[in-house]
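Asks: test case, fold it:
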Amino acid sequence: MSDDEAHRRRLDDAAAVLRAWVAQQYDEDRLATTPGTAEDRVAEVMHRLRADPAWDGQLPTEEVLLERIRLDMAGEQPGRSPYLEGLVGELREGAVRALGGQPAGAPVVALLARTPFFFARTQEDTGVDDAYLVLLHHRFPLYLDLVARSIAAVVPIGWFVERPSAHEMTWVIENRMHSEPDRTVRTFAEAAVSLAEMRTDVTGGSYPVAPERYAHFTLLLDAALMFVLGHEMAHYEMSHDGPPRPAVERLGFARAPTRAWQELQADELGASIAAWTLRTGRGIPLGVSMLGAWQFFLAWEAFDLSVHVLATGDAEAGFGRFFLEQENAGTDGAYPSISMRRSTLEATVARAAPGDAGLEYFSRTFDLIRQRFLRDTAFHAEHMAAVGPAGRPPTGGHGPGFA
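Replies: As a prediction, the model looks like this:
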């Protein structure tokens, strides 16, 4: 047996042990990743859309929804995602460049369905050396999928190369939102509010991506999930919850003493891992790879905003609570606000890549999408608070968490 084969076998054995640990620790072994049948989920989605005046005259057919949901559910296994496991394999190659050497541990992704809700979390106190868990709630990848579909439908494919002016981009974004509301703002808002209400599906309002936009959508989704997974890998490699590991000394990083510092440090290194992966493996420039981080930040903001609007029943009041929370977050060394995380990461990346015009361009134009999507999310949440299906949104803190 070669060294590579032996190494892969050790990783497979460690992954099997970690998955068994998850099944026992979280009582996940008796529940499929996505509960219910495709037909059940179609019925729930159609019932909700018929009750929402925003969809009047725009309802999809049950056949279209059933095709989309069956595609999502195809090949599902409890706790497993071949797609995410493939991204982790790519990221381990990029991590060698970002960390200045081999990673200290191998990440194993596990999807959870029964646990209290959170976005993503690193778990390393499992008794397995040199391997650790990246835990994600099974709704989270579906949510980012819808975010990426919405943005792919808004942004022209040539945007990455042609870089039209802000005025031109504003016109294009507004035009596409008006001409294809069901594939843009409605899909995004429906996804965020569904997640905030903790409903069993996060697929309402989603549609197949047009063939000419599929590669565009796939890149956006891959970039977002690579940032999330890279962030979790960074927690482990930076020894945030474990013994000292080589990357800390190799990179010259100080060991972060507070939660806020750890999150900002994991953002920086996670973005670097994702960027190196996309650059060396796919030839994607830095400005485009950073769209992954910005998509995640927007997805979390929309979720958090939905929670506040659902709790108050009013879009304006929800925005007020949302902005107040953002201002106060991180002041005591605890979890930093999304605005702080984004501005800190942008400043760090700008220092690492001075003069990269693409980075500034994509940041500025992405803000156009962010402002419109958040506004429509607030209005949709206000409507659902008044007439939507019963459901109690989570309260307090920063929602699902990303640790």
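Asks: flag the shaky bits of the stretch 201-350 of the chain, pLDDT-wise.
Replies: For the stretch 201-350 of the chain, the stretches flagged by pLDDT under 70 are 201-208, 330-333.
Asks: which parts of it are strands?
Replies: Ranges of strands in the stretch 201-350 of the chain, per DSSP state E, counting those that start in this stretch: none exist.
Asks: in the stretch 101-250 of the chain, which spans are helices?
Replies: 139-154, 159-162, 166-179, 185-196, 214-237, 246-251 (DSSP state H, counting those that start in this stretch).
Asks: pull out the buried residues from stretch 150-161.
Replies: Buried residues in stretch 150-161, counted by 16 or more other CB atoms under 10 Å: S150, I151, A152, A153, V154, V155, P156, W159, F160. C-beta here means a position set from N, CA and C on the backbone, and glycine is covered the same way.
Asks: of all the helices of the stretch 101-250 of the chain, which one is nearest A311?
Replies: Closest approach to A311 among the helices of the stretch 101-250 of the chain (CB to CB): helix 185-196, 9.3 Å.
Asks: angle of the closest one against helix 139-154?
Replies: 170 degrees (axes from the mean of the first three to the mean of the last three CA atoms, to 10 degrees).
Asks: now the buried residues of stretch 150-161 in a markdown table, please, with extra columns for distance to L278 and pLDDT.
Replies: Listed next are the buried residues of stretch 150-161 as a markdown table, based on distance: CB to CB, whole Å; pLDDT from 0 to 100:
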| residue | distance to L278 | pLDDT |
| --- | --- | --- |
| S150 | 21 | 88 |
| I151 | 17 | 88 |
| A152 | 16 | 86 |
| A153 | 22 | 85 |
| V154 | 21 | 85 |
| V155 | 17 | 80 |
| P156 | 20 | 75 |
| W159 | 17 | 72 |
| F160 | 12 | 67 |
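Asks: turn those residues into JSON lines, columns for distance to A254.
Replies: Formatted as JSON lines, those follow (distance: CB to CB, whole Å):
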{"residue": "S150", "distance to A254": "38"}
{"residue": "I151", "distance to A254": "35"}
{"residue": "A152", "distance to A254": "39"}
{"residue": "A153", "distance to A254": "42"}
{"residue": "V154", "distance to A254": "40"}
{"residue": "V155", "distance to A254": "38"}
{"residue": "P156", "distance to A254": "42"}
{"residue": "W159", "distance to A254": "38"}
{"residue": "F160", "distance to A254": "36"}
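Asks: of those residues, which is the nearest to Q262?
Replies: I151 (28.5 Å).
Asks: surely the closest one and I369 touch.
Replies: Yes - using CB atoms under 8 Å, I151 is in contact with I369, at 6.2 Å.
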